[in-house]
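[1] have a look at this prediction, sequence included:
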Amino acid sequence: MATIVAVSVSVEKGMRKTNVSEATLQTEHGIVGDAHAGKWHRQVSLLAQESIKKMQDKGLTVDAGDFAENITTEGIDLPVLPIGTKIRVGSDVLLEVTQIGKVCHDRCAIYYQAGDCVMPKEGIFTRVLAGGTVYPHDEITIVIS
């Protein structure tokens with residue numbers, strides 16, 4: 001079973017995010033109060049705890065939110081999900097995968113703070129199709145359409 005390890009937000013882009021006990025996701029907007037929210041295709045980002053562990057195994061002191069991901073997951077292979085995949089988070093939230101990885105044109109604060117970044121290779125980006133509140137430990141499921 002796939003679950004949320006952490007939910008994280010920040011007021012600025014390109015910075016480590018702070019873990020929170022819950023987050024409200026607004027349809028076609030993203031996480032209320034997060035710098036990445038808005039009318040675009042990268043409203044909510046996800047990164048697997050398994051990806052973060054790779055960086056920890058290299059000796060980096062990093063954890064959930066340090067790669068600017070909004071939702072840290074466990075038990076789901078995020079980068080293999082095709083664009084358009086629908087993901088149910090908790091009981092109400094429905095996300096749609098819009099992008100796998102990203103191009104980092106400049107080394108951002110995350111790179112300098114963490115020494116590397118897995119987000120460009122293994123993170124995914126989604127838009128919010130149906131909003132609601134999510135919490136750490138919520139279940140994540142792939143919706144078969």
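    Perfect, thanks for sending it. Numbers count the residues shown, from 1 in each chain.

[2] hey, which helix is longest across this protein?
    Identified as the longest helix of the chain according to DSSP state H is helix 49-57.

[3] which helices and strands does that one pack with?
    strand 71-74 (3 or more CB pairs under 8 Å, 6 or more residues apart in numbering; DSSP states H and E). C-beta: built from backbone N, CA, C; applies to glycine.

[4] after the strand it packs on, which helix or strand is next?
    The first helix or strand that comes after strand 71-74 along the chain, using DSSP states H and E, is strand 86-89.

[5] which residues of the protein score low on pLDDT?
    For the chain, the stretches with pLDDT under 70 are 103-116, 145.

[6] one step back: and the longest helix of the chain, which residues are buried?
    Neighbour counts over helix 49-57 (16 or more other CB atoms under 10 Å) mark Q49, E50, S51, I52, M55 as buried.

[7] with distance to H36 as extra columns, can I get these in CSV?
    Shown next, in CSV, are these (distance: CB to CB, whole Å):
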residue, distance to H36
Q49, 20
E50, 22
S51, 18
I52, 18
M55, 21
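
[8] between the residues you listed, which sits nearest I76?
    Comparing these against I76 with CB to CB places E50 closest, at 9.1 Å.

[9] correct me, but the closest one touches T72?
    No - using CB atoms under 8 Å, E50 makes no contact with T72, being 10.0 Å away.

[10] tally of neighbours for K121?
    13 (other CB atoms under 10 Å).

[11] this protein: strands as residue ranges?
    Along the chain, counting by DSSP state E, strands occupy 2-9, 18-20, 23-26, 30-31, 44-48, 71-74, 86-89, 93-100, 124-130, 132-134, 139-143.
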